[in-house]
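Engineer: Sequence and predicted structure are below.
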Amino acid sequence: MNKIISKPHLFFFGLVPVFIIISLFSNDNAFTISIEATYFVIPYFPFFIFSAIYFTMIGINYFSLVWADKPPKKWLTTIHILLQVLAIILLFTPNILSSFSKYSNSIIVISFLIFLLSAFIHLINFFTSLLLKTE
C-alpha cells in the first residue's frame, strides 16, 4: 500500500489497460437503473472506455505533481484511492450478487456519490499539493 500511496499515478495508469480489456469482454451487458416508471440502460462498453479515460486523466494529474516536484498529501491520496476502489466495488455488487436486486438502485446511487466525493478529494489533493509550499 505504501508503494501505491507514494506513486499513485502508476496505480491509475495500471487501471487503464484493465478497464480497456474488461470493455472488450463486456459484450452487450448493461447497467439497468429504474427510477419510478423510467429505465435507464447504460451499456458497459462506453462506461469502461469512459472509466479508462478518467483514470488516465487522474494518472496525468498525479504524474504532473511528480514532474513539478510537489508530492501529493499522503492522507488525501489514501482517502482518494480507497474511496475510488470502494465506488468501483459497489458499482458491480448488484450485478454480481442477485440477492441485492431490490437494492441495486440504491447501491448504484451510493457508488456514484462516493465516486463524486473521491473526485472532489482528488481535486483538493491536487491543488493543495500544487499551490502549497513543500518542506
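Structural biologist: Arrived safely.
Engineer: Quick check: which ranges of this protein have low pLDDT?
Structural biologist: Within the chain, the segments meeting pLDDT under 70 span 94-101, 133-135.
Engineer: Show me what the lengthiest helix in it packs onto, helices and strands only.
Structural biologist: Assignment by DSSP state H gives helix 104-131 as the longest helix of the chain. For helix 104-131, the elements it packs on are strand 30-35, helix 44-67, helix 74-96, judged by 3 or more CB pairs under 8 Å, 6 or more residues apart in numbering; DSSP states H and E. To be clear about C-beta, it is placed using only N, CA and C from the backbone, and glycine gets the same treatment.
Engineer: check contacts around H9.
Structural biologist: Contacts of H9 were listed using CB atoms under 8 Å, 6 or more residues apart in numbering, and they are G59, I60, N61, Y62, F63, V66.
Engineer: Apologies, that question was intended for F13.
Structural biologist: Contacts of F13 by CB under 8 Å, 6+ apart are F55, T56, G59, F63.
Engineer: quick one on the thing from earlier: quick check: which of the helices and strands packed on helix 104-131 is nearest to L24?
Structural biologist: Set against L24 and scored by CB to CB, the helices and strands packed on helix 104-131 come closest in helix 44-67, at 8.3 Å.
Engineer: which helices and strands sit right next to the closest one?
Structural biologist: Judged by 3+ CB pairs under 8 Å, 6+ apart, helix 44-67 is in contact with helix 8-24, strand 30-35, helix 104-131.
Engineer: is it true that I42 lies in a strand?
Structural biologist: Yes - assessed by DSSP: H, G, I helix; E, B strand; the rest coil, I42 belongs to a strand.
Engineer: What about it, how many residues nearby?
Structural biologist: By other CB atoms under 10 Å, 13 other residues sit near I42.
Engineer: Across the sheet, point out what pairs with it.
Structural biologist: F31 (DSSP bridges).
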